[in-house]
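J.: I'll drop the sequence and a predicted model, then ask my questions.
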Amino acid sequence: MEILKTNGLTKIYGKKAAVSNLNMNINKGDIYGFIGKNGAGKTTLIKMVVGLAAPTSGEITLFGSRNLGKGRRNIGTVIEAPAFAPNLSARKNMYIQWQLLDSKNESIIDETLKLVGLDNVGKKKVKNFSLGMKQRLGIAMTLMGEPEFLILDEPVNGLDPEGIIEVRELLLKLNHEKGLTILISSHLLSELSRLATRYGIINDGVLIDELSVEELEKRCKSSLKIKVNDVEKACEVIKTQLNTENYKILDDNTIELFDHLDESGIVNSILAKNDIIINSISTTKSDLESYFMKVIGGNKDE
């Protein structure tokens, strides 16, 4: 089932397109990592989806329907810093949220606090919470409406390593145990790679790539990089004696070989026996950050 689909979604401020003709697809059960540089359009896209900004053109479909009012009632959102009453406890903040939602089931307060690991903080005031605890409370408050789709804009920004782990484990728990579909915007690409099942990469308002973890792994596969004195001769030896054409030629006399990854010594020996000088040979594997830099370039931080 499609949870979110956008078709030609565009937002123009003045003469600049913050989001341009964007087609996004998020399916039920996805943890969708949304990646882009500063000003790429991530937050603008999120604001249009949740109703905080109106599209200039294009369409948004939620849960298979264009009835956005109904669909948005099934979304929980944390954009930027969650808002709390700092002098109250976590439970009292949750109680206020529960009253605003006009819910009949008060037990959901304690159930949700337990779910996010804040059931044992007692009367401690929120202003004395760590950033990680505040972020988990912010997520807890969005869960009070029992959403099917959770949208988080930079949920681990500014957190220490312990806080990042806490939020990561919570999001995995919500996805695996509660079946929540999650859209996460983040500049911490190494952290996204521990969470996401699909990725969308946006640059200058344009969604330039959308891919699954499996597709990313294929594009970031391991290789042997071999720098030689004679590329043409080395390629002929690789084809005839190593029996593979699974390679490509890079700049500066380097061959990227995708077979025989655990046999660098054998590869080195065969090339040397054919009077090819090997200046360097190394095993490399691209990661999400490397792939991001390859398709976008520039500063990967957000």
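T.: Sure thing, it's come through.
J.: C-alpha only now, for contacts and for neighbours.
T.: OK.
J.: Verify the stated contact: Glu146 with Asn74.
T.: Yes: shown here, Glu146 and Asn74 form a contact pair, counting by C-alpha atoms under 8 Å, at 7.3 Å.
J.: Which element, helix or strand, includes Gln99?
T.: helix 90-101 (DSSP states H and E).
J.: With Ala272 instead?
T.: Using DSSP H and E, Ala272 sits in helix 264-273.
J.: So what touches stretch 244-256?
T.: Residues outside stretch 244-256 that contact it (C-alpha atoms under 8 Å, 6 or more residues apart in numbering): 223-231, 235, 238-239, 257-259.
J.: which residues touch the residue lying closest to Asp230 once chain neighbours are set aside?
T.: Computed as C-alpha to C-alpha, 6 or more residues apart in numbering, the closest residue to Asp230 that is not its neighbour in sequence is Ile276, at 6.6 Å. By C-alpha under 8 Å, 6+ apart, the residues touching Ile276 are 228-230, 233-234.
J.: of those residues, buried ones?
T.: 228, 234 (16 or more other C-alpha atoms under 10 Å).
J.: Keep only those of the contacts of Ile276 that are in helices.
T.: By the criterion of DSSP state H, membership of the contacts of Ile276 in helices covers 233-234.
J.: Could you pull out the strands in the stretch 51-200 of the chain for me?
T.: Listed in chain order, the strands of the stretch 51-200 of the chain (DSSP state E, counting those that start in this stretch) span 57-62, 75-79, 149-153, 181-185, 198-203.
J.: circling back to that earlier point, out of the contacts of stretch 244-256, list just those in strands.
T.: Mapping the contacts of stretch 244-256 onto strands (DSSP state E) picks out 223-228, 257.
J.: Just put the residues you listed in a markdown table and tack on distance to Ile184 and pLDDT.
T.: As requested, those are arranged in a markdown table below (distance: C-alpha to C-alpha, whole Å; pLDDT from 0 to 100):
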| residue | distance to Ile184 | pLDDT |
| --- | --- | --- |
| Ser223 | 30 | 87 |
| Leu224 | 33 | 93 |
| Lys225 | 34 | 93 |
| Ile226 | 38 | 96 |
| Lys227 | 39 | 96 |
| Val228 | 43 | 96 |
| Leu257 | 35 | 93 |
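J.: Could you work out the most separated pair of these?
T.: By the measure C-alpha to C-alpha, Ser223 and Val228 form the most distant pair in the ones in strands among the contacts of stretch 244-256, at 15.6 Å.
J.: Which segments of this structure make up each domain?
T.: 2-211, 221-285 (automatic domain parsing).
J.: Pull the number of nearby residues for the nearest residue to Thr283 once chain neighbours are set aside.
T.: Nearest non-adjacent residue to Thr283, counting by C-alpha to C-alpha, 6+ apart: Leu224, 4.6 Å away. If you count neighbours by other C-alpha atoms under 10 Å, Leu224 ends up with 23.
J.: which helix of the protein spans the most residues?
T.: helix 161-178.
J.: CA atoms only: put it into PDB for me.
T.: In PDB, the C-alpha atoms belonging to helix 161-178 read as follows (Å, rounded to 0.1, in the frame of the first residue of the first chain):
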ATOM      1  CA  PRO A 161      25.900   9.300  20.800                       C
ATOM      2  CA  GLU A 162      23.800   7.800  23.600                       C
ATOM      3  CA  GLY A 163      20.800  10.000  22.600                       C
ATOM      4  CA  ILE A 164      21.200   9.000  18.900                       C
ATOM      5  CA  ILE A 165      21.200   5.300  19.800                       C
ATOM      6  CA  GLU A 166      18.100   5.700  22.000                       C
ATOM      7  CA  VAL A 167      16.200   7.400  19.200                       C
ATOM      8  CA  ARG A 168      17.400   4.900  16.600                       C
ATOM      9  CA  GLU A 169      16.300   1.900  18.700                       C
ATOM     10  CA  LEU A 170      12.900   3.500  19.400                       C
ATOM     11  CA  LEU A 171      12.300   4.100  15.700                       C
ATOM     12  CA  LEU A 172      13.300   0.500  14.800                       C
ATOM     13  CA  LYS A 173      10.900  -0.700  17.500                       C
ATOM     14  CA  LEU A 174       8.000   1.500  16.200                       C
ATOM     15  CA  ASN A 175       8.600   0.200  12.700                       C
ATOM     16  CA  HIS A 176       9.100  -3.500  13.600                       C
ATOM     17  CA  GLU A 177       6.500  -3.900  16.400                       C
ATOM     18  CA  LYS A 178       3.900  -1.200  15.600                       C
END
